[in-house]
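[1] return a 3D structure for these sequence lines:
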Amino acid sequence: MKVCFCFDEDWRNGSDWGWRVMQESLLRSFLSATPEHRRHAKFSFGTLFIPQLASELGGFEKAVDVLLGENQAVWSTFTGPDLVDCAHSINMAGMIVDSLAPADARAMHVNLLKEGGYLGAIQVSAKNPAHWDVFENAIGAADFRVYGDELRVFCRGFEVAASDERDHLTFNHWKEVGIFSSVRWEDVGVAGSIFDQYYTYEHAGRVAELEDMLSGQLTFVLHEVLMRASELDPDLMSRLHAAIKAFEHHDTAEQLAHVSLSCRRYIEKLADTLYPPRKERINGRDLGLDKYRNRLWAYISDRLDSGTAAAVCLANFKDLGERIDALSRAANKGLHDAITASDVNRLLMTLLVVSHDLLTLETPGQRVSYEPYRENIAAILKLMLETDSE
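    Model prediction:
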């Protein structure tokens, strides 16, 4: 999501130095709160013209109500009265970060509470015309991008060619601060300039609506996987949790390599649940205990005889197997540095897609398994029998 972190523009007497200290606080917070594999965002800075909005709407209370949305429709660390007090008495500076995971935005807020001049955060929604006026259009296009440990300061090549008016002072400042592995210029073409016909409220609203629709669709897919897998065998959740947690908290390339092993353990368990081992062969394929791929292949073939749906499902499954094999070979050869976070992230996304494909081939509630509970059932029955015999 897109979040505006708000500061007191007049902190340290509103000097350029004060602005840079606040910007540095924001960037350090971003680097600290965001895992490296999710560290990609654009940043823009400027004054928030909430008083102008208040003048148009007839008061700060009405302006804040519109900004926060009906019934706090956007995420914000401000309450309505808090934001009214700030907007009424403080010249507010906005530092917009696009894009953030909700957990990272909350972590940044907690970090920034310790910093001078920080006031709070508001989620920016381009579907809200007031947000476009106050946050996006007023502040303008992004100033720079952070990608991994690199800072890229935006410029327009066509303007530089005519007259180099880039802010070299700011550029050199970020190089001297030393919080990034490298600082370089990035040409953004005409984006955000008078030549950019897409820099409008209408287009921003479409993008925001698309984000909401995609988020809803992806969330539904994720919930389907979690609910169906948990109903089949709760241990599937433990194995999936191990894979995701290993990725989220990896510190070394070797730890990253272990994620593929966790993915394979999860898919093996899924095969055991959906299509348990058997002695007979089908279409020449061995369906024994260690042949989990053959068993899942048979499971797909049983439920999708032919056609596009079967071809897509089998192709996704084949892709998953190839990704697991490639990462496992690299890990077994000790080539951990050849495994990147992007590779593993794509593996996890493929794993979720394939899980959804497999788990939705049957309508829910078609099978009940006692196997995951066998040992616990046996232990409880044994205890009951022992109690009855006393």
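[2] list of residues touching the host helix or strand of Leu169?
    Using DSSP states H and E, Leu169 sits within helix 168-177. By C-beta atoms under 8 Å, 6 or more residues apart in numbering, the surrounding residues in contact with helix 168-177 are Arg20, Glu24, Leu151, Val153, Phe180, Val183, Trp185. In this view, the C-beta of every residue, glycine as well, is placed from N, C-alpha and C.
[3] the residues you listed: which two are farthest apart?
    The distance between the two most remote of the contacts of helix 168-177 (C-beta to C-beta) is 19.4 Å, for Glu24 and Trp185.
[4] now do the strands in the stretch 1-150 of the chain.
    With DSSP state E, counting those that start in this stretch, the ranges of strands along the stretch 1-150 of the chain come out as 2-8, 40-47, 92-98, 118-124, 144-147, 150-155.
[5] just checking, Gly140 touches Thr47?
    No - applying C-beta atoms under 8 Å as the test, Gly140 and Thr47 come out as separate, 10.5 Å apart.
[6] may I see the buried residues of stretch 42-53?
    With burial defined by 16 or more other C-beta atoms under 10 Å, the residues of stretch 42-53 counted as buried are Lys42, Phe43, Ser44, Phe45, Gly46, Leu48, Phe49, Ile50, Leu53.
[7] now the end-to-end length of it.
    Distances were taken as C-alpha to C-alpha, to the nearest Å; on that basis the terminal residues of stretch 42-53 are 25 Å apart.
[8] ok, and the closest non-adjacent residue to the residue nearest in space to the middle of the chain?
    For the chain, Ala101 is the residue whose C-alpha lies nearest the centre (C-alpha atoms, centre = their mean; 4.6 Å). For Ala101, ignoring the flanking residues on the chain, the nearest one in space by C-beta to C-beta, 6 or more residues apart in numbering is Arg38 at 6.2 Å.
[9] looking at the buried residues of stretch 42-53, which one is closest to Asn111?
    Among the buried residues of stretch 42-53, Phe43 lies closest to Asn111 (C-beta to C-beta), at 15.5 Å.
[10] contacting residues around the closest one?
    Here Phe43 is in contact with Leu26, Leu27, Met95, Ile96, Val97, Asp98, Ala142, Asp143, Phe144, Arg145, Val146 (C-beta under 8 Å, 6+ apart).
[11] if we use 7 Å, what do you get?
    Contact analysis of Phe43 by C-beta atoms under 7 Å, 6 or more residues apart in numbering lists Met95, Ile96, Val97, Ala142, Asp143, Phe144, Val146.
[12] hmm, back to that, burial measure for the residue nearest to Ala101, as a count.
    16 (other C-beta atoms under 10 Å).
[13] pLDDT below threshold where in the stretch 51-200 of the chain?
    Residues of the stretch 51-200 of the chain meeting the criterion pLDDT under 70: 70-72.
[14] going along the chain, name the helices of it.
    Counting by DSSP state H, counting those that start in this stretch, the segments of the stretch 51-200 of the chain that form helices are 60-68, 80-89, 102-112, 129-131, 138-139, 157-162, 168-177.
[15] please apply the same query to the stretch 251-390 of the chain.
    Counting by DSSP H, counting those that start in this stretch, the stretch 251-390 of the chain has these helices, from start to end: 253-274, 292-303, 308-332, 341-359, 374-389.
[16] could the ones you listed go into CSV alongside mean neighbour count, mean pLDDT and distance to Leu169?
    Putting the helices of the stretch 251-390 of the chain into CSV (neighbours: other C-beta atoms under 10 Å; pLDDT from 0 to 100; distance: least, C-beta to C-beta, whole Å) gives the following:
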stretch, mean neighbour count, mean pLDDT, distance to Leu169
helix 253-274, 20, 89, 38
helix 292-303, 19, 89, 59
helix 308-332, 16, 84, 45
helix 341-359, 19, 92, 34
helix 374-389, 9, 88, 67
